[in-house]
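Visitor: When you get a sec, could you give me coordinates for this:
(chains A, B, C and D)
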2 protein chains.
Amino acid sequence: MARKTGSHSQITGPKIREQALQLFASHGFAAVSMRQIAAAVGVQAGALYLYTPDKEALLFDLLKTHMDELLAAWAAEERGAGPMAALEAFVRFHIGFNLSRADAVFLSYMELRNLGPENFAMIEGLRRAYETELEEILKAGQEAGVFLIPDTKLATMAIIAMLTGVTTWFREGGRLSRAMVADIYWDMVRKAVGA
Amino acid sequence: MARKTGSHSQITGPKIREQALQLFASHGFAAVSMRQIAAAVGVQAGALYLYTPDKEALLFDLLKTHMDELLAAWAAEERGAGPMAALEAFVRFHIGFNLSRADAVFLSYMELRNLGPENFAMIEGLRRAYETELEEILKAGQEAGVFLIPDTKLATMAIIAMLTGVTTWFREGGRLSRAMVADIYWDMVRKAVGA
DNA sequence: GTCTATAAAGTGATAGAC
DNA sequence: GTCTATCACTTTATAGAC
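Guide: From the prediction side, this is the model:
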């Protein structure tokens, strides 16, 4: 029998983060109330405060977790030998990882402004660390004469924006599979860096 | 002498749109109250409703105006002869126009979800019309054998995402001028399409 | 661990005075 | 054209019962 009151901390915590992520991504952080999140989880609003001190901390937790997982996943990725193989690995990794977490990606790019200065700086730092991973690949390729890039910093921003943009239009079951999209984007990136 | 009450409709209307645009872009549509907008303009909240029926209509007005101006400006742009010249014109136009209206660009990509279905469809249609302008250039170049593009639809999305991304990091007075940035991006786009 | 109830403040929008 | 005052409602967050 279902009971209205009981101990579910091990399931409620993850459910709150899951529902908050989806609601924040769909409607925006400011547009979503704690009552809406609670309703989606199946608890009353007051219960949320057992898992987060306030609404902003909930957002920060989602963003921090996402960035940590992104960096950890890239660190664990096979990246082959040489700048060319590393760039291809990065392109395929970025598209694949971001497509599987479109909500979190969207939040990371859009809702940073709802964080306080210290939390903002933390997420921004992690993002920059990720961008630096790509820039180092580009620099290495440039120095090795494998790539022909007018400005590695701009190329970094251009490539990341281009790849991240996939999440705004890609739909599972559409004209192209993830693998086909990754192939096509890799072709464009490869050419763009003069390889 | 300043007076607290009087007729200023010709100045108040534009001021409301200007302040609303900046506030919406900075904090998000849902996070900004009508009272905040009124305070920024220098009137009381009630006065705003002489210029807009409600908050959503104010957002729609900003987005619609931006898209109309974007399409009109591109239509008026010199674009040279042939796909190559047209693509270069598009790249330089897009970067230049978007950099001069970073707030509106940000709104157009982020706050569509706050529109009702009919207003959403209208803005989305204008955006697609703009994207089609680029896609037609790519198709023409592909057919003429000037470009080598695996998929013109994906190339369209990739290029627009890449160019629009400039608004997220460009700062006036930084390391590179607008013209230098446009030169570098044009170099990358040109290579990416195999030209 | 979750509930109900509530405090204190803010929200969009309107009515009527000037 | 603007202001003041206000309605009806929602917001985040907390206190205390169970």
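Visitor: Flag every residue of chain A that's near DNA strand D.
Guide: Contact residues (Cβ under 7 Å from any atom of the strand) of chain A with DNA strand D: A:5, A:32-36, A:45-46, A:49, A:53-56. C-beta here means a position set from N, CA and C on the backbone, and glycine is covered the same way.
Visitor: Figure out the length between the terminal residues of stretch A:145-161.
Guide: 24 Å (Cα to Cα, to the nearest Å).
Visitor: For the residues of chain A next to DNA strand D, which entry has the maximal number of neighbours?
Guide: Within the residues of chain A next to DNA strand D, most neighbours by other Cβ atoms under 10 Å in any protein chain shown means residue A:32, with 21 neighbours.
Visitor: What is the longest helix of chain A by residue count?
Guide: helix A:117-143 (DSSP state H).
Visitor: what's the average pLDDT for it?
Guide: Mean per-residue pLDDT for helix A:117-143: 98.
Visitor: near chain B, anything from that helix?
Guide: No - using Cβ under 8 Å from any Cβ of the partner chain, helix A:117-143 stays clear of chain B, coming no nearer than 9.8 Å.
Visitor: in that helix, what counts as buried?
Guide: A:119, A:123, A:126-127, A:130-131, A:133-135, A:137-142 (16 or more other Cβ atoms under 10 Å in any protein chain shown).
Visitor: From these, pick the one nearest DNA strand D.
Guide: Of all these, residue A:119 has the smallest distance to DNA strand D: 13.3 Å, by Cβ to the nearest atom of the strand.
Visitor: Number of residues surrounding the closest residue to that closest one other than its chain neighbours?
Guide: Excluding the flanking residues, the one nearest residue A:119 by Cβ to Cβ, 6 or more residues apart in numbering or on different chains is residue A:60, at 4.7 Å. Neighbourhood size, residue A:60 [other Cβ under 10 Å]: 22.
Visitor: Would you confirm that residue A:60 contacts residue A:114?
Guide: No - contact criterion Cβ atoms under 8 Å: residue A:60 and residue A:114 do not qualify, at 9.1 Å.
Visitor: Would you point out which residue is most central in chain A?
Guide: residue A:105 (3.4 Å; Cα atoms, centre = their mean).
Visitor: so who does that one touch?
Guide: The neighbours of residue A:105, taking Cβ atoms under 8 Å, 6 or more residues apart in numbering or on different chains as the test, are A:66, A:98, A:164, A:167.
Visitor: quick one: secondary structure of the residue nearest to residue A:119?
Guide: Following DSSP: H, G, I helix; E, B strand; the rest coil, we place residue A:60 in the helix state.
Visitor: Please see if stretch A:54-69 touches DNA strand C.
Guide: No - Stretch A:54-69 stays clear of DNA strand C (Cβ under 7 Å from any atom of the strand), getting no nearer than 13.1 Å.
Visitor: Show residues contacting that stretch.
Guide: Counting by Cβ under 8 Å, 6+ apart, A:16-17, A:20-21, A:24, A:29, A:34, A:37, A:48, A:51-52, A:101, A:104-105, A:107-108, A:111-112, A:114-116, A:119, A:122-123, A:126-127, A:130 sit against stretch A:54-69.
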